[in-house]
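A.B. asks: would you be able to build a 3D model of this:
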Amino acid sequence: MCVLKNEQQFLLLKRANEPNKGMYVPVGGKLDPFESAYKAVLRETQEETGIALESAKFCGTLIETSPVKYNWISYIYLAEIDYQPAPYCDEGILEWVAIDDLLKVPTPPTDWWIYKYILANQPFAFSAEFDAELNMVEMVEEIKGKVVASC
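C.D. replies: Take a look at the predicted model:
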């Protein structure tokens with residue numbers, strides 16, 4: 001996943017498909033065979049936004065696990081970009097969201113923590129556990145070994 005930032009706003013994708021349909025998320029996708037996470041984030045950003053990144057900074061990981069088919073590991077990157085009108089995306093609608101408005105738009109329960117740590121320039125290794133209905137039960141920041149969210 002790549003958090004695209006310009007000054008005090010993020011370019012986020014309002015997803016048209018599951019998982020997280022209707023929620024605002026960073027752009028991203030899956031690794032191709034023999035592809036590094038870094039190369040994948042550059043490729044996926046280009047494919048979903050048309051923006052060719054010169055570089056992206058690795059910020060941390062997010063592991064999401066549940067008793068159903070919702071089990072992911074995400075490598076989270078940050079890219080500072082110049083402002084441009086939100087481009088077309090066939091995965092949903094890209095929109096600029098002011099950092100101060102992040103709590104006003106629907107996001108997955110893990111993402112506010114990702115943004116908080118990125119804005120504090122703090123590395124993270126999050127592990128989030130979900131129940132069978134995909135409600136988050138708990139999220140742990142494993143570097144410090146502390147629970148950051150418990151539902």
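
A.B. asks: could you look up the SS state of the residue nearest to A56 when sequence neighbours are not counted?
C.D. replies: Using CB to CB, 6 or more residues apart in numbering and skipping the chain neighbours, the partner closest in space to A56 is Y77 (4.0 Å). C-beta coordinates here come from the backbone N, C-alpha and C atoms, glycine included. When classified by DSSP: H, G, I helix; E, B strand; the rest coil, Y77 comes out as strand.

A.B. asks: neighbours around Y77, how many?
C.D. replies: 26 (other CB atoms under 10 Å).

A.B. asks: residues contacting the closest residue to A37 other than its chain neighbours?
C.D. replies: Spatial nearest neighbour of A37, excluding adjacent residues (CB to CB, 6+ apart): Y75 at 4.0 Å. With contact taken as CB atoms under 8 Å, 6 or more residues apart in numbering, Y75 is in contact with 1, 37, 40-41, 58, 61.

A.B. asks: go on, K30?
C.D. replies: K30 makes contact with A40, according to CB under 8 Å, 6+ apart.

A.B. asks: most centrally placed residue in the protein?
C.D. replies: P26 (4.1 Å; CA atoms, centre = their mean).

A.B. asks: going by neighbour count, list what's buried in stretch 57-73.
C.D. replies: Under the neighbour-count criterion of 16 or more other CB atoms under 10 Å, stretch 57-73 has 59-64, 66 buried.

A.B. asks: next: stretch 11-31.
C.D. replies: Across stretch 11-31, burial judged by 16+ other CB under 10 Å covers 11-15, 20, 23-28.

A.B. asks: now those as TSV including pLDDT and secondary structure?
C.D. replies: Shown next, in TSV, are the buried residues of stretch 11-31 (pLDDT from 0 to 100; DSSP: H, G, I helix; E, B strand; the rest coil):
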residue	pLDDT	secondary structure
L11	98	strand
L12	98	strand
L13	98	strand
K14	98	strand
R15	96	strand
N20	90	coil
M23	97	coil
Y24	98	strand
V25	97	strand
P26	98	coil
V27	97	strand
G28	95	coil
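
A.B. asks: out of the residues you listed, which two sit at the greatest distance?
C.D. replies: Spatially, the most separated pair among the buried residues of stretch 11-31 is L11 and N20, at 16.4 Å (CB to CB).

A.B. asks: isn't W112 up against V105?
C.D. replies: No - checked against CB atoms under 8 Å, the pair W112 and V105 is beyond contact range at 10.5 Å.
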